[in-house]
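**Student:** Structure for the following, please:
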Amino acid sequence: MEATAARPEVFSRKASGLSRVMSPWSAFIYNFLTMGVIFPWTFVWAPEAFPGVSVWMACLFATLLELPIALAYVWMATAMPRSGGDYVFQSRVLGGAIGFPVVMSGFVIWILQWLALAGWLFATLGLAPLFLGLGVHYNSTGLINAGIWAEGHQGVVITSIIGAAAMAALLVTGFKNYVRLQYFMFAATGILVLIMLIQFLRTSPAAFATAINHFNGVVDSNPHYYTWLQHDVSSVSGGYNLAPKFALGATLLAAPIAWTSTQWATYSVEQGGEIKGARVFKNQMFIIVGSLIAVGVVLAIIAAAEQHAVGTRFFNAASASYYGGVSASGNGIGSVLPFPGMFAIIISPNPIITVLAAVSFMLASLQITCNCYIGCTRIMVGMSLDRTLPAWFSKVSPRFRTPVNAHLAYFLAGCVAIWGYSYVTKWYTITLGVTFACGYVFVMSAVAAALMPYRAKALYEASPGAQYKLAGIPLVTIFGVIGAIAGAGAVVAFLVKKGYGLTGTSPVLTYAIVAGIFVFALVIYWIGRIYQRGKGIDISYAFLEVPPE
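**Tutor:** Purely as a prediction, here's the structure:
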């Protein structure tokens with residue numbers, strides 16, 4: 001498919017209405033925060049899923065897994081620097097019948113689950129540790145009870161909806177307001193990373209045992225928690241090895257788990273039309289590849305430092321108990337969740353560290369809420385400009401230059417997801433469906449990158465990356481092929497390999513939901529296409545050129 005000259009009435013309007021207010025440095029920060037460096041699921045997931053794993057090495061392998069995908073995105077982002085990112089890439093190269101359902105299902109719909117998860121993170125890893133930490137320090141039953149309430153269904157739902165409403169209001173009043181807030185979020189993340197590293201590097205397993213025994217003695221009346229948890233896990237029927245030997249195979253298998261963090265190094269492309277200098281090649285290398293490497297290294301350092309502090313046996317026991325539900329007594333992990341920020345508070349639960357760590361977690365959670373809104377509303381704008389969604393979704397406030405209607409729609413849909421996440425049985429268990437669904441979006445964009453020089457030749461040849469070739473083969477094709485293979489391997493692993501979450505107690509239900517959402521998105525596309533054809537508009541012409549700025 002070759003790009004041709006613009007045709008009249010191809011797009012719903014001649015300008016997106018958005019403005020470029022994000023600098024390359026801000027976009028780097030955005031990707032860094034989106035990868036969730038202080039929410040490392042790998043730490044509580046991988047040890048139980050793949051005994052013998054080296055978590056810090058798995059984080060580095062995940063960075064290598066993502067690298068060719070990230071490089072392929074650099075070429076795409078400079079060739080088509082428009083809001084809508086993955087949707088624009090795929091629809092211009094692979095066609096709307098592929099790009100629309102893939103991105104609508106894998107991102108716009110499934111990321112609603114992450115909007116709910118962001119609220120859960122705010123409540124359980126930010127608000128609850130704040131109350132629990134201060135409650136332990138001041139020996140306050142009221143604060144401890146408040147922390148336990150924050151972890152409960154009611155606390156999670158109430159705080160999630162408040163946070164989602166607040167962030168929607170912030171974003172509606174101007175994207176520049178988020179960009180300003182983001183600097184505080186980045187600073188808070190940096191402070192928390194330093195706190196965690198200092199706490200972990202100065203602490204021995206024996207000292208950590210004393211600290212967590214005191215903490216749990218106050219919170220859960222279990223003053224022997226450190227040894228109790230290890231015994232509770234290791235004494236299950238059949239036994240559980242808390243000190244398996246290092247296994248390179250297990251470490252490689254854990255890389256796709258860590259990839260659930262590093263894969264978001266490319267997420268800034270969704271607001272490509274609002275990034276200054278987005279067409280400059282070195283800018284996108286810094287934004288996408290630079291943020292990937294930075295996060296991969298930080299994750300590896302935190303993992304190694306945490307395991308040093310808490311001890312390998314406890315590190316593995318916490319993963320088995322929390323993620324795997326392994327418990328001889330049936331009591332489970334208890335009120336204190338085994339995440340690095342919580343451990344940093346436990347090591348020294350003084351008010352300053354507690355407040356700094358908790359506030360950092362809450363700001364990071366709100367950033368996840370924001371990136372759910374930002375990416376998905378910009379995709380909806382791109383679709384609406386192409387007329388694959390109604391024009392209502394791309395309406396932009398002339399005062400604030402933001403897609404107000406898209407934010408409203410996503411907030412209302414998010415409230416449903418937030419409520420269901422806490423109150424509908426098994427809803428939360430399909431969270432890892434996001435891992436698979438988003439994964440296939442990244443894979444298809446890598447495929448689009450590989451084919452761009454051939455199926456969107458005019459767009460490719462006009463891009464700054466067209467000059468880079470190896471033995472006459474466009475580098476974007478080489479990176480796209482490698483990235484698609486690597487990403488597809490990870491996505492398939494999530495489907496078929498036990499330990500990745502999707503092969504749990506009801507895999508058929510999970511697969512059916514993923515497939516059903518994709519079919520639903522495909523039906524939306526064809527309904528929109530038929531409706532526009534009835535008005536005399538062939539939306540396929542829109543896919544022959546980039547959307548308006």
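**Student:** All the strands of this protein, residue numbers only.
**Tutor:** 469-470, 473-474 (DSSP state E).
**Student:** how about those in CSV, adding distance to A169, mean neighbour count and mean pLDDT?
**Tutor:** All C-beta atoms are positioned from the backbone trio N, CA, C, and that covers glycine. As requested, the strands of the chain are exported to CSV (distance: least, C-beta to C-beta, whole Å; neighbours: other C-beta atoms under 10 Å; pLDDT from 0 to 100):
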stretch, distance to A169, mean neighbour count, mean pLDDT
strand 469-470, 48, 12, 94
strand 473-474, 44, 16, 96
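**Student:** how far away is Q154 from S160?
**Tutor:** Separation of Q154 from S160 (C-beta to C-beta, to the nearest Å) stands at 11 Å.
**Student:** Please say which of the two ends up with more neighbours.
**Tutor:** S160 (28 against 12; other C-beta atoms under 10 Å).
**Student:** my guess is that one meets A118, correct?
**Tutor:** Yes. The pair S160 and A118 passes the contact test of C-beta atoms under 8 Å, sitting 7.5 Å apart.
**Student:** re earlier: columns distance to Y421 on top of the strands of the chain, output as CSV?
**Tutor:** Supplementary listing: the strands of the chain in CSV, determined by distance: least, C-beta to C-beta, whole Å:
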stretch, distance to Y421
strand 469-470, 46
strand 473-474, 43
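**Student:** Any idea which of the ones you listed gets closest to V55?
**Tutor:** Taking C-beta to C-beta, strand 469-470 is the member of the strands of the chain nearest to V55, at 34.4 Å.
**Student:** For the stretch 151-300 of the chain, just list every one of the helices.
**Tutor:** Along the stretch 151-300 of the chain, counting by DSSP state H, counting those that start in this stretch, helices occupy 153-172, 175-201, 205-219, 225-234, 248-262, 281-284, 291-310.
**Student:** would you list those in JSON lines and tack on mean pLDDT?
**Tutor:** Below are the helices of the stretch 151-300 of the chain laid out as JSON lines (pLDDT from 0 to 100):
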{"stretch": "helix 153-172", "mean pLDDT": "94"}
{"stretch": "helix 175-201", "mean pLDDT": "91"}
{"stretch": "helix 205-219", "mean pLDDT": "93"}
{"stretch": "helix 225-234", "mean pLDDT": "94"}
{"stretch": "helix 248-262", "mean pLDDT": "92"}
{"stretch": "helix 281-284", "mean pLDDT": "96"}
{"stretch": "helix 291-310", "mean pLDDT": "96"}
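**Student:** how about these, which one is nearest P81?
**Tutor:** helix 281-284 (8.4 Å).
**Student:** about what we covered before: for W264, which of the strands of the chain is the nearest?
**Tutor:** Evaluated with C-beta to C-beta, those place strand 473-474 nearest to W264, the distance being 25.5 Å.
**Student:** How about residues contacting the closest one?
**Tutor:** Strand 473-474 has contacts (C-beta atoms under 8 Å, 6 or more residues apart in numbering) with P453, Y460, A466, Y468.
**Student:** So the third one is in contact with Y460, correct?
**Tutor:** If I follow you right, that is A466. Yes. With contact defined as C-beta under 8 Å, A466 counts as touching Y460 (5.7 Å).
**Student:** what is in contact with those two at once?
**Tutor:** P453, P474.
**Student:** Give me the spatial nearest neighbour of A484, chain neighbours excluded.
**Tutor:** Nearest residue to A484, sequence neighbours excluded (C-beta to C-beta, 6 or more residues apart in numbering): A446, at 4.0 Å.
**Student:** cool, and V441?
**Tutor:** Closest to V441 by C-beta to C-beta, 6+ apart is G106, at 3.8 Å.
**Student:** what sits against the one you found?
**Tutor:** Residues near G106 by C-beta under 8 Å, 6+ apart: A437, C438, G439, Y440, V441, F518.
**Student:** Look up how far P351 lies from the nearest residue to the second one once chain neighbours are set aside.
**Tutor:** Read it as C438. Distances taken as C-beta to C-beta, 6+ apart place G106 nearest to C438, at 5.5 Å, with adjacent residues excluded. G106 sits at a distance of 43 Å from P351 (criterion: C-beta to C-beta).
**Student:** cool, and A77?
**Tutor:** Taking C-beta to C-beta, one finds A77 at 44 Å from P351.
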